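Peer 1: sharing a sequence plus its predicted fold:
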Protein chains: 2
Amino acid sequence: MSKKPITIHDIAEIAKVSSATVSRVLSNSNYPVSKELQIRIRKIAEESNYIPNMLGKQLKNNTSTTIAVIIPSISNPFYSSVVQGIEETARENNYTVITCNSQQDPALEEEYIRTIMQKQIKGLIISSISDDKTLLRSCMQMGLNVVAIDQVIEEDQVSQIKFNYEKGGYMGTKHLIELGHRQITYLTSKLDRPSRRSIYKGYKIAMEEAGLAPVSIESGAEELYNAIHDFDLGKKLADKVLALSDKPSALFVCNDMMAFGVINRLADKNMQVPEHISVIGFDGIDFGMMIHPALTSVKQPDYEMGKMSCKLLFDKINNEAVAAYDIVLQPQLVIRKSVKPLQ
Amino acid sequence: MSKKPITIHDIAEIAKVSSATVSRVLSNSNYPVSKELQIRIRKIAEESNYIPNMLGKQLKNNTSTTIAVIIPSISNPFYSSVVQGIEETARENNYTVITCNSQQDPALEEEYIRTIMQKQIKGLIISSISDDKTLLRSCMQMGLNVVAIDQVIEEDQVSQIKFNYEKGGYMGTKHLIELGHRQITYLTSKLDRPSRRSIYKGYKIAMEEAGLAPVSIESGAEELYNAIHDFDLGKKLADKVLALSDKPSALFVCNDMMAFGVINRLADKNMQVPEHISVIGFDGIDFGMMIHPALTSVKQPDYEMGKMSCKLLFDKINNEAVAAYDIVLQPQLVIRKSVKPLQ
DNA sequence: TTGTATGCGTTATCAC
DNA sequence: GTGATAACGCATACAA
């Protein structure tokens, strides 16, 4: 049984003024109110533990101080770092963040987008899994500001934090080649998303440039997504490598979690990394430094990606005139211990 | 420039009925409306892409379909699993979740709580860092439903998902003793939180029961919190162990992230786990299976903790009469590869 | 400088 | 079964 919260009208009554005046003071409007009244009203508000009701405010102004984030899964460390960056930037701007896990399910993604619209949220940062952008498009027409991360959305009005996946794939492969590796196999989950295809493309270009034959092993389609799914996928791919009669000297794995699985299974079968075989990952998540051997990887700046996407979003929200623009983040090689130079 | 969204009034006008009737139909009220009108109104709503405005609804009804979660940091895998559980359960109930990272900072925690109240949110799941519960208490009086996880809050009305930390500490220690270990050192971050003290207590009881002398190494106070902070802390504690002339045969580390750091530093100094020294962790996060050696740990059911806390919260929200009740989750030993039996 | 009145989109109360 | 109207809490156009 909670007592009814006090409103500006209650304060107005106590102060013997109109609620308009109270509103002007308490909402920090620059509308002129006498110093004396300001003090009196603030005092009463303080004493009565007044809490402004943002619902009323937002309904009136058609504004919102909440943004939404749609990602595949928060328990994936890459995305949790992204969200951390978003949340910090949002808080600095006095916004709160609604986090939505799409679980790689287009239907869920759509459900979330609908809810977001109903809640009158004006800003969305999304790693979209769905191919069908008609809903998103109509939401943008109705005023939703959208920033795409991780997965490109080819729509006008959608700003993007892009990442140069292709260059990343190229860099990682080049690194192995420069260390003397010739037989480099690319291990990947199903190549059904643009980001994955780009990494693979970069790998292929680097191989061909060096006159080497690209070889890839691709996993089947994914079932429902969860935290350790990629890890298990990595194990399965490692099994396929182990079954090869002519084994490569290095493995390029399409993300770190899968690389962990690869290394783990290899170790189980007494193939030491990097002594017997070298492994390089992709993403450069912090956990890479915690495993043995510490994982060499192509770093995708997760936390920074979160911060930038949020800044970009606020730019759009506060500045309707501004044209949509993209930011392209560059990959960086994180050299640790999982790659051995070949003489 | 977004066009004005359509409302029940617009639909009423098109259908030549009153907005009251439209509301009755579209809000699925059980108020009687003729079949014919129902169909007509739904058709128009559909065709015009009507999106209900939850702000209006909530302002009118003083309800909310958003809950908030306050945790130290989403980039800590333990909490990201908790949040995953919360978010899934919330979505099943058509609620969305606002995630707040307190960074172990009481001031930030308070700031978030105030925002939550302003947004008229009725439910909060919190791992509280603050000692001062006066704000939280007054919020509960104003109708906020609170469920505490991870850190106990001794207040009436606060329901808790407790975890039997002491038993966990006892179990882990007992496991080492049963495998023949006699010199077991407990490695911990600063014992300033109840949960940490309880684990230590369990360790101590098990040691004393076996006639062994408890030995602990405690780190200094923590600075600002972040993802790999615990990992680095573990490294530092490992250094202290390495400096010991008489080394223990086993280490009990107060959480998994720190245990990763311990193992990592030990390996750097050519002390193999578990060949030279055994290590057991606490939390049982999934990443434990990915490192080498796979970490034996006391499992705290993170994901389930999230699910249950959310269910408990909805129970309170929907059922004001119900008395606050606690749930006590039991620890479970996850035996992997980081502990060696001593003969 | 202050007050009055209205509307944001919805639902509930009351009349018909 | 349906409609008119008030109210939720707030901000603002307009009046004074």
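Peer 2: Great, that's in hand.
Peer 1: run a quick neighbour tally on the closest residue to residue A:84 other than its chain neighbours.
Peer 2: Distance criterion C-beta to C-beta, 6 or more residues apart in numbering or on different chains; nearest residue to residue A:84, sequence neighbours excluded, is residue B:75 at 4.6 Å. Backbone N, C-alpha and C define where each C-beta goes, glycine included. The local packing count at residue B:75 equals 26, with neighbours defined by other C-beta atoms under 10 Å in any protein chain shown.
Peer 1: repeat that for residue A:241.
Peer 2: Residue A:241: 19 neighbours (other C-beta under 10 Å).
Peer 1: can you tell me the SS state at it?
Peer 2: Counting by DSSP: H, G, I helix; E, B strand; the rest coil, the backbone at residue A:241 sits in helix.
Peer 1: ok, the residue in the stretch 151-300 of chain A positioned nearest to DNA strand C to residue A:325 distance?
Peer 2: Here the stretch 151-300 of chain A gets closest to DNA strand C at one residue, residue A:157, 21.9 Å apart by C-beta to the nearest atom of the strand. Counting by C-beta to C-beta, to the nearest Å, the separation of residue A:157 from residue A:325 is 11 Å.
Peer 1: which residues sit in contact with residue A:113?
Peer 2: Contact analysis of residue A:113 by C-beta atoms under 8 Å, 6 or more residues apart in numbering or on different chains lists A:70, A:124, A:135, A:136, A:139.
Peer 1: actually residue A:294, not the one I wrote
Peer 2: Taking C-beta under 8 Å, 6+ apart as the contact definition, residue A:294 lies against A:288, A:336, A:337, A:338.
Peer 1: hang on, isn't the second one packed against residue A:289?
Peer 2: Spelled out, that is residue A:336. Yes - when contacts are counted by C-beta atoms under 8 Å, residue A:336 is listed as touching residue A:289 (6.5 Å).
Peer 1: shared neighbours of these two, anything?
Peer 2: By C-beta under 8 Å, 6+ apart, the residues touching both residue A:336 and residue A:289 are residue A:295.
Peer 1: can you map out the strands along chain A?
Peer 2: Under the criterion DSSP state E, chain A contains strands at A:66-71, A:96-101, A:123-126, A:145-149, A:159-163, A:184-188, A:215-218, A:250-253, A:278-283, A:296-299, A:326-329, A:332-334.
Peer 1: out of these, deepest packed?
Peer 2: Taking mean count of other C-beta atoms under 10 Å in any protein chain shown as the contact definition, the stretch among the strands of chain A with the greatest mean neighbour count is strand A:250-253, which reaches a mean of 30.
Peer 1: ok now that one, how far from the chain's centre?
Peer 2: 24 Å (C-alpha atoms, centre = their mean, to the nearest Å).
Peer 1: can you check stretch A:34-43 too?
Peer 2: 45 Å.
Peer 1: state the mean pLDDT of it.
Peer 2: Confidence over stretch A:34-43 (mean pLDDT, whole number) is 96.
Peer 1: quick one: is that stretch near DNA strand D?
Peer 2: No - Stretch A:34-43 lies out of reach of DNA strand D by C-beta under 7 Å from any atom of the strand, never closer than 11.6 Å.
Peer 1: what lies in contact with that stretch?
Peer 2: Counting contacts by C-beta under 8 Å, 6+ apart, the residues outside stretch A:34-43 that touch it are A:11, A:15, A:17, A:21, A:22, A:25, A:26.
Peer 1: what sits against the second one?
Peer 2: Under the criterion of C-beta under 8 Å, 6+ apart, the contact list for residue A:15 reads A:22, A:37, A:40, A:41, A:44.
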